[in-house]
Structure formats: structure tokens, C-alpha cells
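Colleague: Could you work out the structure for the sequence below:
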Amino acid sequence: MTYPTYQQLENYAALAVQVGVNVQQGQTVVVMAPITAAPLVRLIASKAYEAGAKNVHVEYNDEELSRIKYKQAPEEAFSEYPIWRAKAWEDFVDKGAAFITVYSPNPDLLNDVDPARVATATKTASTAMSGYRGALMNHTNAWTLISYATPEWASKVFPDVSTEEAVQKLWERIVEATRVGLEDPVQAWKAHNAKLLQMVELLNGKRYKQLQYEAPGTSLTVDLPEGHIWLGGAKANAKGVFFNPNMPTEEVFTMPHREGVNGVVRSTKPLNYNGQVINGFSLTFKDGKVIDYSAEQGYEALSNLLNTDEGARHLGEIALVPDDSPISNSNVVFINTLYDENASCHLALGQAYPVNLAGGTKMSPEELLAHGANRSLTHEDFMIGSPDMNIDGITQDGTREPIFRNGNWAI
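Modeller: Numbering: from 1, shown residues only. The predicted structure follows:
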């Protein structure tokens, strides 16, 4: 069978529109995608108009152009960002647009580029786009992240076969993970969201004050702030419209207390950070802050990530994903955080989601900080789960309860 079939690609587009962002009548839809994903983007546009969209704005990106700039542009180019673009995206936010991003980066794109250049450009863009990014992290607008099998990404995931075969194998995994090969993908996603909601409700009922992680290379305690909220699957935006930020998704997640993380944690999957791979890395925390770190690959890129700003050395998210889950069971390392984070328990350095704190979306940045929510220009997930991961929850009265045993749910 050739992947994807036209029907599967059409299903994928419908899923992004109907379940990913749940397009409403008269709404603008903004699509950001690599130029190679044009066949999918055209179907997304068609499905969005069918769903009642007023306008579909598409912005394509070309990684090779980015690479050319990183290799040849003068240093000052990376300290500038087009303000018109930042204002345009904030205008889309203000007018209630929905945002669909097709995320299919080449993990090796910038492996021979000076990481300092990448770090400067990333910080510049993050600062300029902070208004747009803040709206998404507040779930003010509906947004979703999906992927498209590109030759560069596929060849990195399946290096031992031809490019054509690699793309086919990667599409097969995408079709399976997103359920677009099923007869009724939309209904399948509703059922999946309902299962995640059951775990969310269970964890929110527990009101744990601390989680304790133990695995090879990991011994970590994470305090949870008072009023923390677990989320997973579909969420409601500011207008009460439900959407799925990540497709696929297998996680439930909440906010750690920015000053309550202690111990050491070791990564279990490579991290593709802005076109540079960081692998085999460990972080040591004291009172919430990374005070020491190491990496077998990508040490300089990791250092630049941690030095983005003061908040980049603190955690903004903790997420639980069982080892016995569809993406994990595929035994494929995708080197794409959208997929790898849904195969593994993970943490995120940087900005916390205000939606993970009771009343958080109505708090000022200073109030969020006072309640234990981290602030940063970055938010970078990294994978720590494995079949050897054990996690305990400490209740308000000090009772220890098993949450994970041998990488899977124990509650």
C-alpha cells in the first residue's frame, strides 16, 4: 500500500480542521507549513472553507532558505525580526483566528551552523512573537500542531532504506498515530479524548503536592503548586470552543512549581532543538534551577537553550505518558518532539502554561510568578520516560502512592 492515499490525506486535513482547531463559522484560519506540505495545505484550506472559514491565510517556509541565511548572512541579521509579521500575528489573535502549524523539521538542518547564531535568532523571534505565543499558551485561540513526512526528516528516522521507502514508512507511522486511516477518524479522536479526560479527572482529584521520579540516571522530586490543574487531550479556548493542540497526543500534563524541583534527570530520546540534535543529556536541579548539565551530543546547543533567559533553567511543564502507548510501541525514534513527547514522559524547560493553574489565565505575569509558574521566552520539551521509570505521588497528608511502575500507569 502506498502512504498516504488521497483519502488518508483528506482525512488528515479534515481532522486538523474539525478536531485540531474546530473551525467556526466566519473564522480566519492561519496555516504555517513547509513548502513540501502544499498538497496537505490545499486540502486543509478546502476543508476549512467547507467548515465555514471566512479566510485561510497560508504562510510557507523553506528550511533551505533558513540554512542559507544562517550560513551567509551577517551577524546583525539575527538580531532583527520583522515587526510587521509580529503585529500581523497579534492581529490574527485579536480577531479570533485559529492556527494550524505543520511541524516537520529536518533534525540535521543546522548541525554545521554556529549554535550562537541560532540562539540569537531564536531569542529575537521569541521576543518579537511573545504576544502571539502568550495567547496560544493561554489557550485564548484554538491552535494545533501536526506533521508531514518530508524526505529530510524521513531519511533521518529511517537511515537504512532509500529516501522513497523512508518517506513511505514515516507516512505509515503518521497515519497510524493520527488515526486518519480509520473509517471515522473524528469519532476515534472523540473516544481518545474521553479516555485522556478520565486520567485528567483522576489526577486532579488526587491533589498531589509532589511527584518523585526514579529511573536509571534520574532521581528527581517535583513540587506541584497549590491550585495546579492537569490537562490532556481536547481543551477549551477563551470562547469555550474545544480544540486539540497536538495531533497525535497521548499525554496528561500540569505545571511544576518553578522553585520546587530538585535532583537529577537524564534524557531518554534525542531532542531536535532548532535544527540541532541534543542527545544523552543530564540536568541537575537545585531549588528549581538547573545548576549543572552535560550532553553526549549538542552540548553547546543545550547551553544556549539554558541561557536563553533566567527562566530557561527552570521547568514549566511536567507530562505523563505511559510506555505502553501507540507511538512508543512503534519502537521508532522520530527526532520530532511532537511525536517523541507522546511516546515518553517528558518535562519542559521554560514558560509554564497559565491554563495549568486555577485562575491562571486571568493573572498578571507577576501573580503567576508568585504562584510558582515559570516565565521564559522558551518552552522546550525533552523526553525522560522509559520502561524503567517509576513515579510516586505524595499526597497532601504525606502519603506516598504509586503513579507509574515500570514505565506504565499504576493508578
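
Colleague: surely Ala177 meets Pro248?
Modeller: Yes: using Cβ atoms under 8 Å, Ala177 is in contact with Pro248, at 4.2 Å. All C-beta atoms are positioned from the backbone trio N, CA, C, and that covers glycine.

Colleague: Quick check: neighbours shared by these two?
Modeller: The contact sets of Ala177 and Pro248 overlap at 326-327, 339, 342 (Cβ atoms under 8 Å, 6 or more residues apart in numbering).

Colleague: closest to Asn22 among the residues you listed?
Modeller: The nearest member of the shared contacts of Ala177 and Pro248 to Asn22, counting by Cβ to Cβ, is Asn342 at 20.1 Å.

Colleague: Check that closest one and give its pLDDT.
Modeller: We have a pLDDT of 96 for Asn342.

Colleague: With the one 5 residues further on instead?
Modeller: At Leu347, the predicted lDDT confidence score is 98.

Colleague: Return the subset of the shared contacts of Ala177 and Pro248 lying in strands.
Modeller: Assigned to strands by DSSP state E, none of the shared contacts of Ala177 and Pro248 qualify.

Colleague: Next up, the contacts around Gly372.
Modeller: The contact partners of Gly372, taken as Cβ under 8 Å, 6+ apart, are 223, 225-226, 255-260, 357.

Colleague: Wait, a strand at it?
Modeller: No: Gly372: not assigned to a strand; according to DSSP: H, G, I helix; E, B strand; the rest coil it is coil.

Colleague: gap between it and Glu10?
Modeller: To Glu10, Gly372 is 45 Å away according to Cβ to Cβ, to the nearest Å.

Colleague: How about His228?
Modeller: For His228, the distance to Glu10 equals 40 Å [Cβ to Cβ].

Colleague: Strands of the stretch 151-300 of the chain, start to end?
Modeller: For the stretch 151-300 of the chain, the strands defined by DSSP state E, counting those that start in this stretch occupy 210-215, 218-223, 235-236, 242-243, 252-254, 261-266, 271-273, 276-286, 289-297.

Colleague: Look up the pLDDT of the nearest residue to Val19 once chain neighbours are set aside for me, please.
Modeller: In space, and not counting its chain neighbours, Val19 is closest to Trp189: 4.8 Å by Cβ to Cβ, 6 or more residues apart in numbering. For Trp189, the pLDDT comes out at 97.

Colleague: The one 4 residues further on now?
Modeller: The per-residue pLDDT reported for Asn193 equals 97.

Colleague: Next: Lys289.
Modeller: Looking at Lys289, its pLDDT stands at 98.

Colleague: what's the answer for Asn274, then?
Modeller: With respect to pLDDT, Asn274 scores 89.

Colleague: surely it meets Asp108?
Modeller: No: using Cβ under 8 Å, Asn274 is not in contact with Asp108, being 12.0 Å away.

Colleague: export the helix or strand Ile318 falls within as CSV, just CAs?
Modeller: Using DSSP states H and E, Ile318 maps to strand 315-320. The C-alpha coordinates for strand 315-320 follow below in CSV (Å, rounded to 0.1, in the frame of the first residue of the first chain):
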residue,chain,number,x,y,z
LEU,A,315,10.7,23.8,34.4
GLY,A,316,7.4,25.0,33.0
GLU,A,317,5.7,21.6,32.4
ILE,A,318,5.6,18.0,33.5
ALA,A,319,3.8,15.4,31.4
LEU,A,320,3.0,11.8,31.9
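
Colleague: and that strand, average pLDDT?
Modeller: 98.

Colleague: partners of it in the sheet?
Modeller: Using DSSP bridges, the strands paired with strand 315-320 are strand 252-254 (antiparallel), strand 346-350 (antiparallel).

Colleague: spatially speaking, which residue is in the middle of this protein?
Modeller: Leu338 (5.3 Å; Cα atoms, centre = their mean).

Colleague: Can you check the pLDDT for that one?
Modeller: pLDDT at Leu338 comes out at 96.

Colleague: wouldn't it be in contact with Tyr103 here?
Modeller: Yes: contact criterion Cβ under 8 Å: Leu338 and Tyr103 qualify, at 5.5 Å.

Colleague: Please confirm that Glu76 is located within a helix.
Modeller: Yes: under three-state DSSP, Glu76 falls within a helix.

Colleague: so how far is Ala121 from it?
Modeller: 11 Å.

Colleague: count of neighbours near Asn329?
Modeller: 11 (other Cβ atoms under 10 Å).

Colleague: So it versus Ala343, what's the distance?
Modeller: 8 Å.

Colleague: if we can go back for a sec, between Glu76 and Ala121, who's got more neighbours?
Modeller: Each of Glu76 and Ala121 had its neighbours counted (other Cβ under 10 Å), and the higher figure belongs to Ala121 (21 against 8).

Colleague: Ala98: what's its closest spatial neighbour, skipping adjacent residues?
Modeller: Val21 is the one closest to Ala98 (Cβ to Cβ, 6+ apart), at 3.8 Å.

Colleague: I meant to write Lys54 there.
Modeller: Per Cβ to Cβ, 6+ apart, closest to Lys54 is Gly26, 4.9 Å.

Colleague: doesn't Tyr49 make contact with that neighbour?
Modeller: No: counting by Cβ under 8 Å, Gly26 sits too far from Tyr49 to count as a contact (11.5 Å).

Colleague: With neighbour numbers in mind, choose between the two.
Modeller: For Gly26 and Tyr49, the more surrounded residue by other Cβ under 10 Å is Tyr49, and the numbers stand at 15 against 10.

Colleague: A helix includes that one, no?
Modeller: Yes: assessed with three-state DSSP, Tyr49 lies in a helix.

Colleague: Could you number the chain from 43 rather than 1 from now on?
Modeller: Got it, the first residue is 43 from now on, which makes the last one we talked about Tyr91.

Colleague: where does the residue lying closest to it once chain neighbours are set aside land on pLDDT?
Modeller: Spatial nearest neighbour of Tyr91, chain neighbours left out: Val98 (6.6 Å); criterion: Cβ to Cβ, 6+ apart. For Val98, the pLDDT comes out at 98.

Colleague: residue contacts, Val98?
Modeller: Residues near Val98 by Cβ under 8 Å, 6+ apart: 70-73, 86-87, 90-91.
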